[in-house]
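Asker: Provided below for reference: sequence and predicted model.
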Amino acid sequence: MIYINGMEIDMAELKLCDYLEENSFNRNRIAIELNGEILPKSEYFEAVLVDGDKVEIVNFVGGG
């Protein structure tokens, strides 16, 4: 099980870049925490999520 923003995903392995694309995330407007550590944007394309990983994806929003 992989956990993304509290949701369980029943997969043993998942490429992070595939998940971001499938869910229409704008990579320029998000920050990602992987297992309690901030993941550098340079690693988004190479990161592979595995069973037990916990991911939090935060969207930046503008406003006033």
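Answerer: Arrived safely. Numbers count the residues shown, from 1 in each chain.

Asker: got the contact list for the closest residue to Lys54 other than its chain neighbours?
Answerer: What sits nearest to Lys54 in space, not counting adjacent residues and going by C-beta to C-beta, 6 or more residues apart in numbering, is Tyr3, at 4.6 Å. Every residue, glycine included, has its C-beta placed from N, CA and C. Counting by C-beta atoms under 8 Å, 6 or more residues apart in numbering, Tyr3 makes contact with 9, 53-55.

Asker: so which of these is the most crowded?
Answerer: Using other C-beta atoms under 10 Å as the neighbour criterion, Val55 leads the contacts of Tyr3 with 21 neighbours.

Asker: On the three-state scheme, that residue is what?
Answerer: strand (DSSP: H, G, I helix; E, B strand; the rest coil).

Asker: Which residues are in contact with the residue nearest to it when sequence neighbours are not counted?
Answerer: In this structure, Val55 finds its nearest non-sequential neighbour in Ile4, 4.6 Å apart by C-beta to C-beta, 6+ apart. Contact analysis of Ile4 by C-beta under 8 Å, 6+ apart lists 19, 49, 55-57.

Asker: which among the residues you listed gets closest to Arg27?
Answerer: Compare each of those with Arg27 using C-beta to C-beta and the shortest gap goes to Ile57, at 10.4 Å.

Asker: Single out whichever of the contacts of Tyr3 has the smallest pLDDT.
Answerer: Within the contacts of Tyr3, Ile9 has the lowest pLDDT, namely 95.

Asker: Just confirm it contacts Ile2, I think it does.
Answerer: Yes - Ile9 is within contact range of Ile2, at 4.5 Å (criterion: C-beta atoms under 8 Å).

Asker: hang on, the earlier thing: quick one: pLDDT of the residue nearest to Val55?
Answerer: Note for Ile4: predicted pLDDT of 98.

Asker: so it bridges to which residues?
Answerer: Counting by DSSP bridges, Ile4 is bridged to Met7, Val55.

Asker: All set now, cheers.
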